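Trainee: Here is my input, please return the structure:
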Amino acid sequence: MTTDNAALTALVDRYIAAWNETDASRRQALIALTFTDKARYLDPVLAGDGHDGIDAMVGAVHAKYPGYTFSRTSDINGHHDRAMFNWALGPKDGPLFVKGVDVAVVSADGRLAQVDGFFTEVNAPQS
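Mentor: A predicted model of the protein is given here:
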């Protein structure tokens, strides 16, 4: 795969948008556009396989942390079929809860085949 920066940025930004989507049907559509059918997501506390598993995982985050949103906090570093970027999660007008870095594998069709998330900072959640 050749790294197309515009396409890679659009993919990662769509990934962040899927994490932020609270409407289940819109989120499921974003997940289908963003992830391969057999995609896998894994971080220190969550795991999801396939579109349904990833959707259930994202929905669980919304249920546990209502009003929290993800944002991409760095440029995207990409090469071959890999992408790496920093992100943060927190309430819209409050302190950040978690900061991290994701490393993703991009499939030949331009969707995510795997995402491995790492936490770089964790703070107490705000209520």
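
Trainee: Strands of this protein, start to end?
Mentor: Using DSSP state E, the strands of the chain run over 35-42, 47-49, 68-72, 77-79, 82-91, 98-106, 112-122.

Trainee: Can you list the buried residues in the fifth one?
Mentor: Going back to what we said before, that points to strand 82-91. For strand 82-91, a neighbour-count test (16 or more other CB atoms under 10 Å) marks Ala83, Met84, Phe85, Asn86, Trp87, Ala88, Leu89, Gly90, Pro91 as buried. Every C-beta, even on glycine, is put in place using the N, C-alpha and C of the backbone.

Trainee: quick one, phi psi at the closest residue to the fourth one other than its chain neighbours?
Mentor: Once its chain neighbours are removed from consideration, Asn86 has its nearest residue in Ser74; the separation is 3.8 Å (CB to CB, 6 or more residues apart in numbering). Listed backbone geometry of Ser74 is phi -150, psi 170, with angles given as degrees, to the nearest 10.

Trainee: Please report the distance of the closest residue to Phe35 other than its chain neighbours from Tyr65.
Mentor: Nearest residue to Phe35, sequence neighbours excluded (CB to CB, 6+ apart): Leu112, at 4.9 Å. As defined by CB to CB, to the nearest Å, Leu112 lies at a distance of 22 Å from Tyr65.

Trainee: between the strands of the chain, which one is nearest to Asn20?
Mentor: Proximity to Asn20 (CB to CB) singles out strand 68-72 among the strands of the chain, at 5.1 Å.

Trainee: Run through the residues that contact the nearest residue to Leu89 once chain neighbours are set aside.
Mentor: Closest residue to Leu89 apart from its sequence neighbours, by CB to CB, 6+ apart: Val98 at 4.7 Å. By CB atoms under 8 Å, 6 or more residues apart in numbering, the contact list for Val98 reads Ala88, Leu89, Gly90, Phe119, Glu121, Val122, Asn123.

Trainee: Just grab the bridge partners of the third one for me.
Mentor: Put plainly, it is Gly90. Note on Gly90: beta-bridge partners by DSSP bridges are Thr69.

Trainee: residues contacting it?
Mentor: Contacts of Gly90 (CB under 8 Å, 6+ apart): Tyr68, Thr69, Leu96, Phe97, Val98, Gln126.
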